[in-house]
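Asker: return a 3D structure for these sequence lines:
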Amino acid sequence: MISSSKTRQHGAANSLLIATIGLSILSAAACAAAVWGIMNYSAQKTDVNGKIASAVAEAKKAQADSDEAKFAARDKEPNRQFVGPDDYGRLTFNYPKTWSVYVDQDASSGGTYAAYLNPISVPPVSNSTQQYALRVTIESKDYDKVIASYENLVKKGDLVSSAVTSNGIDGTRLDGSFSKDIRGSAVIYKIRDKTATLRTDADTFKPDFNALVATIKFNQ
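Answerer: Predicted structure coming up:
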């Protein structure tokens with residue numbers, strides 16, 4: 001009778017021990033799951049916060065870039081008017097007020113008229129690789145011969161030729177690479193017995209170039 005009682009007590013103790021061990025395992029597993037959940041939540045929260053911060057930074061940069069572009073465009077206004085020699089057809093167009101003008105050859109004694117425009121100041125014109133916002137040339141050359149001088153570049157695909165009209169007069173527009181250092185756009189017009197060429201040397205100035213081309217006028 002005593003042996004049977006001891007057996008039951010021993011069995012109960014084993015059951016309790018097993019239950020305790022099982023409960024401990026479950027508790028450890030629950031704690032591990034909770035820790036993992038907290039760490040995962042923290043990581044996801046950090047990632048989300050990082051993405052939000054990145055998106056906010058990108059939005060602020062985009063706004064700043066947009067504002068800067070607007071301020072830069074506003075700073076160029078009102079435009080100034082360029083006026084070429086009367087004897088050479090009085091070529092005129094509007095250009096940004098932030099640009100400077102340097103007349104290298106004024107054609108006061110005939111010959112070629114040449115002017116250069118560039119933001120703030122005009123670099124020396126002796127360097128053939130120097131880029132300018134705008135070059136203006138009016139020369140005593142036949143219009144067809146001037147166009148023909150670009151024929152090889154057009155055939156090679158370096159330049160793309162298209163028609164352009166200003167002041168009711170048709171001309172030729174060229175876009176692309178004029179040399180290894182010059183990539184931009186040019187418009188060419190016949191003015192009386194002369195040919196006028198306006199060229200920008202970099203695509204950076206193309207928006208300004210397009211705007212001023214739209215204002216070109218000259219006497220025929």
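
Asker: quick one: pLDDT of the residue nearest the centre of the chain?
Answerer: Centroid-nearest residue in the chain, with CA atoms, centre = their mean: Thr204, separated by 7.8 Å. Here, the pLDDT recorded for Thr204 equals 95.

Asker: repeat that for Lys97.
Answerer: pLDDT, read off for Lys97, is 96.

Asker: separation between it and Pro78?
Answerer: For Lys97, the distance to Pro78 (CB to CB, to the nearest Å) stands at 6 Å. Quick note: C-beta positions are derived from backbone N, CA and C, even for glycine.

Asker: counting neighbours, go ahead and name the busier of those two.
Answerer: Lys97 (11 against 8; other CB atoms under 10 Å).

Asker: could you find the closest non-adjacent residue to the more buried one?
Answerer: Arg80 (5.1 Å; CB to CB, 6 or more residues apart in numbering).

Asker: give me the neighbour count for that neighbour.
Answerer: Neighbours of Arg80 (other CB under 10 Å): 15.

Asker: now it: phi and psi?
Answerer: phi -100, psi 160 (degrees, to the nearest 10).

Asker: OK, contacts around it?
Answerer: Asn94, Tyr95, Pro96, Lys97, Trp99 (CB atoms under 8 Å, 6 or more residues apart in numbering).

Asker: next one: it, what pLDDT does it get?
Answerer: Model confidence at Arg80, given as pLDDT, is 96.

Asker: please apply the same query to Gly22.
Answerer: What the model reports as pLDDT for Gly22 is 68.

Asker: where does this protein dip in pLDDT?
Answerer: 1-17, 19, 22, 45, 53-54, 56-57, 59-77 (pLDDT under 70).

Asker: the closest residue to Thr137 other than its chain neighbours: neighbour count?
Answerer: Once flanking residues are discounted, Thr137 sits nearest to Thr197: 4.7 Å by CB to CB, 6+ apart. Thr197: 20 surrounding residues under other CB under 10 Å.

Asker: could you list the domains of this protein?
Answerer: 1-75, 81-213 (automatic domain parsing).

Asker: Lys217 bridge partners, please.
Answerer: Thr92 (DSSP bridges).

Asker: contacts only, for it.
Answerer: Counting by CB under 8 Å, 6+ apart, the residues that Lys217 touches are Leu91, Thr92, Phe93, Ser166, Asn167.
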